[in-house]
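A.B. asks: below: sequence and its predicted model.
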Amino acid sequence: MRRLRLVSDAFPGDPGLDAAVSRVLLERVADGESPETLRLYVPDRLVAFGSRDAVHPEYPRARRAAEAAGFGCYLRLAGGRAAVFHEHTIAFAWAAPSAEPRGTIEARFAEIGEILIEALGSLGVDARRGEIPGEYCPGSSSINAAGRTKLAGIGQRLIRGAAHVGGVLVVDRPDLVNRALKPVYGAFGYDWNPAATGAVASEVAADVATVAAAVRAAFAERHHLEPGAVDSATLDRARSLRRGAAR
């Protein structure tokens, strides 16, 4: 059983810092400066754009559409198309050391998928791994409810010596996800089906605190969790990275 530092630090009103913290944690874990770390937290209303979105010619218009819908914007470490975070979701960012990160991609997808399925199953959700036709930010490692609606999206970012596994689990208010995605995906011209957007609370009676506790318990079955916080060295480097990106 590996030791895993668990932190719940969030940075309300500062999506740039939020993204920078996850990036710096990944780098510090790769360099052996920080232990393997899982961030599990409640985010702001944000549209997290992927690297493919950022090179799309309509990216500026999509950002403006997200902001007009009341959502902040940032570029996330992992994932393909835009995804949505809000106060009724749970964000996760897992920085894990790995000597061969590219050779263990599927093992990490399988493990986080199993953890989320176990957590949701403990609450009575028929959670499964796999892509739903028409889902936003489609991927074979998505977590769905009974093969009907998407509950969580998962992505990875690899660097030498470590891997980042990140994503979002929608607990409630799937309408907020669609509120942001309709104009954003419209700007990009992405084909999707808003009816494929789901939430845990649409399946069972649950709130963010209950689901977060279930996810922590599922992680604790596999790893020794050590409560902690984002340390000052990580925050200082993240603030510097954010300032550099703003120039």
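C.D. replies: Nice, I can see it. Numbers count the residues shown, from 1 in each chain.
A.B. asks: so where's this structure shaky on pLDDT?
C.D. replies: 79, 244-247 (pLDDT under 70).
A.B. asks: helices of that one, start to end?
C.D. replies: Ranges of helices within the chain are 15-30, 51-54, 59-68, 105-122, 174-188, 208-220, 232-246, based on DSSP state H.
A.B. asks: so what touches the second one?
C.D. replies: If you take C-beta atoms under 8 Å, 6 or more residues apart in numbering as the criterion, helix 51-54 is touched by 59, 62, 75, 80, 81, 82, 188. Where you see a C-beta, it was placed from the backbone N, CA and C, and this is true even at glycine.
A.B. asks: between those residues, which sits nearest residue 164?
C.D. replies: residue 75 (13.3 Å; C-beta to C-beta).
A.B. asks: tell me which residues touch the closest one, please.
C.D. replies: So residue 75 contacts 19, 48, 49, 50, 51, 54 (C-beta under 8 Å, 6+ apart).
A.B. asks: wait, residue 160 touches residue 30, no?
C.D. replies: Yes: taking contacts as C-beta atoms under 8 Å, residue 160 lies within contact range of residue 30: 6.4 Å.
A.B. asks: who has more neighbours out of those two?
C.D. replies: residue 30 (21 against 11; other C-beta atoms under 10 Å).
A.B. asks: for that one, give me its contacts.
C.D. replies: Contacts of residue 30 by C-beta under 8 Å, 6+ apart are 97, 159, 160, 161, 162.
A.B. asks: of those, buried ones?
C.D. replies: 97, 159, 161, 162 (16 or more other C-beta atoms under 10 Å).
A.B. asks: now for these: which two are most distant?
C.D. replies: So, the buried ones among the contacts of residue 30 by C-beta to C-beta: farthest apart are 97 and 159, at 10.7 Å.
A.B. asks: burial of residue 91, as a residue count?
C.D. replies: Residue 91 - counted by other C-beta under 10 Å - has 22 other residues nearby.
A.B. asks: the most centrally placed residue in the chain pairs with what?
C.D. replies: The centre of the chain sits closest to residue 167, judged by C-alpha atoms, centre = their mean, with a distance of 1.8 Å. Beta bridges link residue 167 to residue 92, residue 154 when assigned by DSSP bridges.
A.B. asks: please compute how far stretch 7-23 lies from its chain's middle.
C.D. replies: Relative to the centre of its chain, stretch 7-23 is centred 12 Å away, using C-alpha atoms, centre = their mean, to the nearest Å.
A.B. asks: ignore the last one, stretch 232-247
C.D. replies: The chain centre lies 20 Å from the centre of stretch 232-247; the measure is C-alpha atoms, centre = their mean.
A.B. asks: thank you, goodbye.
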